[in-house]
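Q: model this:
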Amino acid sequence: MLTELLVKQTVYIVTGYTDMRRGIDGLCRIVEGKLKCDPYSADVFLFCGRNSTKMKALVWDGDGFLLLYKRLDNGKYRWPRNEQEAKRLTEQQIRWLTEGLEIEQKRAIKPGKKACLY
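A: So this is what the prediction gives:
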């Protein structure tokens, strides 16, 4: 259900660690302050804590904020930790993330580039 909701929106993953005790106001401050993004856009912002078993999604739905919280019972999210910024995800990356895979698959076939025809 979460995957279907996310693929219909522009989704940004907030890399690094987020204090999962933060609520809507605290996450909005991260979006505005650190990321320089507008939390009142229709974009979805995903956050993950240190232990990688919990994820929060923040989205403005027109008349208020919606905060989704998911805790995995078996497994961990493969969250990128190397940057402190938001990264826009493709539909495939959203599916990979929610399936417990890394968003950058080393063996995945990369999109083709325009080239000269033979």
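Q: could you give the mean pLDDT of the longest helix that the chain contains?
A: Scanning the chain for the longest helix, with DSSP state H as the assignment, gives helix 91-98. Here helix 91-98 scores 82 as its mean pLDDT.
Q: then stretch 13-25?
A: On average, stretch 13-25 scores 92.
Q: quick check: next helix or strand after the lowest-mean-pLDDT helix or strand in the chain?
A: Lowest on mean pLDDT, DSSP states H and E among the helices and strands of the chain sits helix 2-7, with a mean of 65. The C-terminal neighbour of helix 2-7 among helices and strands, as given by DSSP states H and E, is strand 11-14.
Q: who touches whichever helix or strand comes after that following strand?
A: Using DSSP H and E, the next helix or strand after strand 11-14 towards the C-terminus is helix 24-29. Outside helix 24-29, the residues that touch it by CB atoms under 8 Å, 6 or more residues apart in numbering are T18, D19, P39, F45, F47, K56, L58, F65, L67. No exception for glycine: its C-beta is placed from N, CA and C like everyone else's.
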